[in-house]
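Asks: what's the 3D shape of this:
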Amino acid sequence: MDYAKIGLKCGLEIHQQLSTDKLFCSCSGDLREDDGQFKVKRYLRAVQGEQGIVDVAALHEQQKGRYFLYEGYDSTCLVELDEEPPHRMNDAALRAVLEISLLLKARVVDAIQVMRKTVVDGSNTSGFQRTALVAQSGSVGDVSITSICIEEDSARIVSNDHQHVVYRLDRLGVPLVEIGTDADITTPEQCLEVAEKIGMMLRSTGKVKRGIGTIRQDVNVSVFGGDRVEIKGAQELKLFPLLVEIEAKRQLKLLEIAKELKKRKASVDAAVDVTSLFEKSASTMIKTALQSRGVVLGMRLRGFAGFIGTEVQPGKRLGTELSDYAKVKAGVGGIFHSDELPKYGITADEVAAAAKKLSCLKDDGFVLVAVDKGRAERALAAVAERAALALKCVPREVRRANPDGTTNYLRPIPTAARMYPETDIPLVVPDVRGIVLPELIEDKVKRFVQMGLGGDLAQFVARSERVFLFEELVGKYKTLKPAFIAEILTAKTLELKRDFNVDVTDAQLREVFDLLGQRKVGKDSLLNVLVDLAKGTFDAAAYTTMSTADVERELKTIVDANKGLSFGALMGIAMSKLKGRASGKEIGELLKRMCG
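Replies: Residues are numbered from 1 along each chain as shown. Reported below is the predicted structural model:
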């Protein structure tokens, strides 16, 4: 695909958790795996923003009519429950964001004004998220950084259905840095490169959390004639090029469909009750709906025949997009459309009867929905909305990323109406004095290679969470090779986790290197010592290093008791008996001397 010809533009929004306590209280940001110790039920509603306008995304969420349950813990407080005003902004979190801003060559603002960003999906107990602009006009390579913000993370979702959502408060309020780029990215590969570069710079500070769920990236994509589509929830960076490519193709296909629909002078009719046509239907979905006193509603889509079933993404059609709107806005399981029928237990006769009832002509299509009357009406209103958009444009919307690179509709793109000032927090004047920029990971790799580490090991340790411990130990134990220390901190700790199911702490690693430095244990016994330390069974006496004379005496006893055995066999016995108390090199040299 010629991305310049189609006018591809991409921008990134990166949300990275910071490794501090919460942003507006002193609660820990560590996640809990146990069930909540108490629950609070809430309803939320959209309110007018600073300009007196209700944000469309907030209104969209309110119209779902759901309530929210929040699970709290002894590690959460009244701030998370919105029963107490926010405390002073966490200074450590702000300093981390200022450091990141300087690293990205951004201009720090003169004063930081915390804003309320309306969010009515239940992910914030207050109905808004607190966010504040910290810096602007930065860059990463040729791509401009438009904004760097500090904000609080949302509550963690546990379960949901069309009636309610359950959230946990453990994550609510964890500080995030939000980095937004301009739409300067012009190829899928560049999108990946920029995301990787920013991620590397964030990890270089040592002040961000690591692991699944601690960083979330959104990709904004558009093409000539299309519009900005925000793709949320891309966890795997390697998926970025595919996401961008598929979204670009989706927009191009939607533009083609719109052009053809205009030629047909397509339009959308009102919903019609067609329940009587399906009273004896074999369709499981229809039978279930009718048994629950539901209805079957149909709607003619004039000029849409053949286009509803047109593929716009791999395995997804225009009909999928109509269905997504119905699912999200009305909470239905899905819809039927004429381009895929007869199917799902609906017969050809029933299709013909529905087409006749809806006055369908040759080029007309139709959709059906079977559920209770209220949701059926909302579902077809949503389908009508999306079908009307299909006639003229690519909808400006937020979509969810799927593991295969496709996307599904989530909600409308929010507007500026969602923002208004936070009155409970005073202006913060940022102070960048004393901030020292970190060495970038890519520069560490080069330095570690010069220290004697191989390229792969240098990459491994430089990107490891233990990179700062590595530098500490290298500086303290000058007689140990840096490559040996790196191997223990990375590959060997993973080996212990895999083979012995033990997690070694930094404190235990410091202790074992201290024992090694004092010659109380040998290199060959390090892994055994770490296992014992992790299990709480370490006995220093069992690992005391033997003197050369003691080793010689033990070896003489072994040789005398095993006359006639080969050197290799004797070495095996000796290593089994003396491992951890003498080095393999010393044992081998002494044994060779004895065996002549």
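
Asks: How many residues are close by Asn220?
Replies: 23 (other Cβ atoms under 10 Å). Heads up, the C-betas are built off the backbone N, CA and C, glycines and all.

Asks: Could you tell me how far it is located from Ile179?
Replies: 13 Å (Cβ to Cβ, to the nearest Å).

Asks: where are the low-confidence patches of this structure?
Replies: When the per-residue scores of the chain are filtered using pLDDT under 70, the ranges that remain are 46-65, 162, 416-417, 542, 544-547, 578-583, 596.

Asks: what's in contact with the host helix or strand of Asn220?
Replies: Asn220 is part of strand 215-222, with elements assigned from DSSP states H and E. Under the contact criterion Cβ atoms under 8 Å, 6 or more residues apart in numbering, strand 215-222 has outside partners 7-17, 183, 191, 195, 199, 202, 208-209, 228-235, 237, 240, 243-244, 247-248, 251, 401.

Asks: So what touches stretch 340-354?
Replies: Applying Cβ under 8 Å, 6+ apart, the set of residues contacting stretch 340-354 from outside is 274, 277-278, 281-286, 298, 308-309, 319, 336, 338, 366, 368.

Asks: out of those, which are inside helices?
Replies: Counting by DSSP state H, the contacts of stretch 340-354 place 284-286, 319 in helices.

Asks: Buried residues of stretch 332-347, list them for me.
Replies: Within stretch 332-347, the residues that qualify as buried by neighbour count (16 or more other Cβ atoms under 10 Å) are 332-339, 341, 346.

Asks: Against Ile573, how distant is Leu172?
Replies: 61 Å.

Asks: which parts of the top strand by length along the chain are buried?
Replies: Taking DSSP state E as the criterion, the chain has its longest strand at strand 128-140. With burial defined by 16+ other Cβ under 10 Å, the residues of strand 128-140 counted as buried are 128-136, 138, 140.

Asks: now the residues you listed as JSON lines including distance to Asp121?
Replies: Conversion of the buried residues of strand 128-140 to JSON lines gives the following (distance: Cβ to Cβ, whole Å):
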{"residue": "Phe128", "distance to Asp121": "11"}
{"residue": "Gln129", "distance to Asp121": "10"}
{"residue": "Arg130", "distance to Asp121": "16"}
{"residue": "Thr131", "distance to Asp121": "16"}
{"residue": "Ala132", "distance to Asp121": "21"}
{"residue": "Leu133", "distance to Asp121": "23"}
{"residue": "Val134", "distance to Asp121": "25"}
{"residue": "Ala135", "distance to Asp121": "28"}
{"residue": "Gln136", "distance to Asp121": "28"}
{"residue": "Gly138", "distance to Asp121": "30"}
{"residue": "Val140", "distance to Asp121": "30"}
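
Asks: out of those, which one sits closest to Ser159?
Replies: Of all the buried residues of strand 128-140, the one with the least separation from Ser159 (Cβ to Cβ) is Gln129, at 21.4 Å.

Asks: Test my guess that that closest one contacts Met115.
Replies: No: contact between Gln129 and Met115 fails when scored by Cβ atoms under 8 Å: they sit 9.1 Å apart.

Asks: So which of the contacts of strand 215-222 are in strands?
Replies: Per DSSP E, the contacts of strand 215-222 map to strands at 9-17, 229-234, 401.

Asks: For these, which two are the farthest from each other?
Replies: Pairwise distances across these (Cβ to Cβ) peak at 28.1 Å, for the pair Lys9 and Gln17.

Asks: Helix or strand: which one has Glu487?
Replies: Short version: Glu487 belongs to helix 482-487, going by DSSP H and E.

Asks: So what's the gap between that helix and the chain middle?
Replies: When C-alpha coordinates are averaged (Cα atoms, centre = their mean, to the nearest Å), helix 482-487 and its chain have centres 32 Å apart.

Asks: who touches the helix or strand following it?
Replies: Of the helices and strands lying after helix 482-487 in sequence (DSSP H and E), the nearest is helix 493-500. For helix 493-500, contacts defined as Cβ under 8 Å, 6+ apart pick out 466, 502-504, 509, 527, 530-531, 534.

Asks: Are any of the contacts of strand 215-222 buried, and if so which?
Replies: 8-17, 183, 191, 195, 199, 202, 208-209, 228-232, 234, 240, 243-244, 247-248, 251, 401.

Asks: helix, strand or coil for the closest residue to Ile587 other than its chain neighbours?
Replies: Taking Cβ to Cβ, 6 or more residues apart in numbering as the measure, Ile587 lies nearest to Ala574, with 5.2 Å between them; neighbours along the chain are not counted. Secondary structure, DSSP: H, G, I helix; E, B strand; the rest coil: Ala574 is helix.

Asks: Distance of Ala574 relative to Met115?
Replies: Taking Cβ to Cβ as the measure, Ala574 and Met115 are separated by 71 Å.

Asks: cool, Gly434 as well?
Replies: Using Cβ to Cβ, one gets 27 Å for the distance from Gly434 to Met115.

Asks: Could you check which of the two is surrounded by more residues?
Replies: A side-by-side neighbour count of Gly434 and Met115, using other Cβ under 10 Å, places Met115 first with 20 against 6.
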